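K.L.:
How does the following fold in three dimensions:
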Amino acid sequence: MTNTRNKLSEVEFFLNHMIGSQHDQDKADAFGYYFSAFLSAFRSVTLIMQKEFSGNEFESWYKNIQTFMKNHGKMKLLETLRDIVLHRWNCVLDKQETLTVYVTAGVISVQATVVTPIVRIDGELLPSNHNDKQRASPNLKKQKEPAGTSDIETTILWTIDKEGFDDESKKDIMKIPDIDEILKIDVVTICKEGMSTLSDIVSECERMFAMA
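P.N.:
Reported below is the predicted structural model:
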């Protein structure tokens, strides 16, 4: 295993822990810590790659990779967040929680979804204008009123709050291609896509230069 591949495995390790903790109410702090560790390991992969495979042919290939990553919105965001978190500011995440209630008696079922107000990762409520996000689904399906069993499914999505950064960091973030659309995507999805792209880059690098 190359050193670069080993570091990529570390990135995957922290991503898996993010996935495992994202829906757990009691692991909100842990999710943030795993995300910070993911960012650090993610950035380190290409730094180790440059050291491990340095050479004229590699340098020419890597210049193209750098251009690709610079223009790839999600890759650029992850790199920028790593620099911010390491040198300047904590990354502030917002939490959107969806509760889905299932009530079942035989073939009879009722389903409703409630979205709670978005909160900061430290549990602090955002300004009151966010409270209108709390709502019950109007499309309830109810056929009878029998007593039955009920289950509650909790889904939590974490998103990046650009307003939680200092002014310099916000300016850097807003320079990223397609950033407004990217910030609508939850953190785990962004990290999964970044991990997949980085894995493809590592595989191409090893195929071209590992046996050189």
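K.L.:
Please verify my assumption that L39 contacts R82.
P.N.:
Yes - counting by Cβ atoms under 8 Å, L39 touches R82, with 4.1 Å between them. Every C-beta, even on glycine, is put in place using the N, C-alpha and C of the backbone.
K.L.:
More neighbours: which of the two?
P.N.:
Between L39 and R82, counted using other Cβ atoms under 10 Å, L39 has the larger neighbour count: 24 against 19.
K.L.:
could you say which helix or strand contains the more buried one?
P.N.:
Using DSSP states H and E, L39 sits in helix 28-52.
K.L.:
what's the helix or strand just after that helix packed up against?
P.N.:
Note on helix 28-52: by DSSP H and E, the next helix or strand toward the C-terminus is helix 56-71. Applying 3 or more Cβ pairs under 8 Å, 6 or more residues apart in numbering; DSSP states H and E, we find helix 56-71 packed against helix 28-52, helix 73-87, helix 187-209.
K.L.:
Out of these, which is closest to E181?
P.N.:
helix 73-87 (7.9 Å; Cβ to Cβ).
K.L.:
export that closest one as PDB, just CAs?
P.N.:
Coordinates of the C-alpha atoms in helix 73-87 are reproduced here as PDB (Å, rounded to 0.1, in the frame of the first residue of the first chain):
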ATOM      1  CA  GLY A  73     -16.700  23.300  -6.200                       C
ATOM      2  CA  LYS A  74     -17.000  20.600  -3.600                       C
ATOM      3  CA  MET A  75     -13.300  19.700  -3.700                       C
ATOM      4  CA  LYS A  76     -12.400  23.400  -3.400                       C
ATOM      5  CA  LEU A  77     -14.800  23.900  -0.500                       C
ATOM      6  CA  LEU A  78     -13.300  21.000   1.500                       C
ATOM      7  CA  GLU A  79      -9.800  22.300   0.900                       C
ATOM      8  CA  THR A  80     -10.900  25.800   1.900                       C
ATOM      9  CA  LEU A  81     -12.600  24.600   5.100                       C
ATOM     10  CA  ARG A  82      -9.600  22.700   6.100                       C
ATOM     11  CA  ASP A  83      -7.400  25.800   5.900                       C
ATOM     12  CA  ILE A  84     -10.000  27.800   7.800                       C
ATOM     13  CA  VAL A  85     -10.500  25.200  10.600                       C
ATOM     14  CA  LEU A  86      -6.800  24.700  11.000                       C
ATOM     15  CA  HIS A  87      -5.600  28.300  11.000                       C
END
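K.L.:
Buried ones in it, by neighbour count?
P.N.:
G73, K74, M75, K76, L77, L78, E79, T80, L81, R82, I84, V85 (16 or more other Cβ atoms under 10 Å).
K.L.:
cool, and stretch 163-174?
P.N.:
G164, F165, S169, D172, I173.
K.L.:
Among these, which one lies nearest to F209?
P.N.:
Looking across the buried residues of stretch 163-174 and measuring by Cβ to Cβ, the closest to F209 is D172, at 31.3 Å.
K.L.:
List the residues that contact that closest one.
P.N.:
T80, D83, I84 (Cβ atoms under 8 Å, 6 or more residues apart in numbering).
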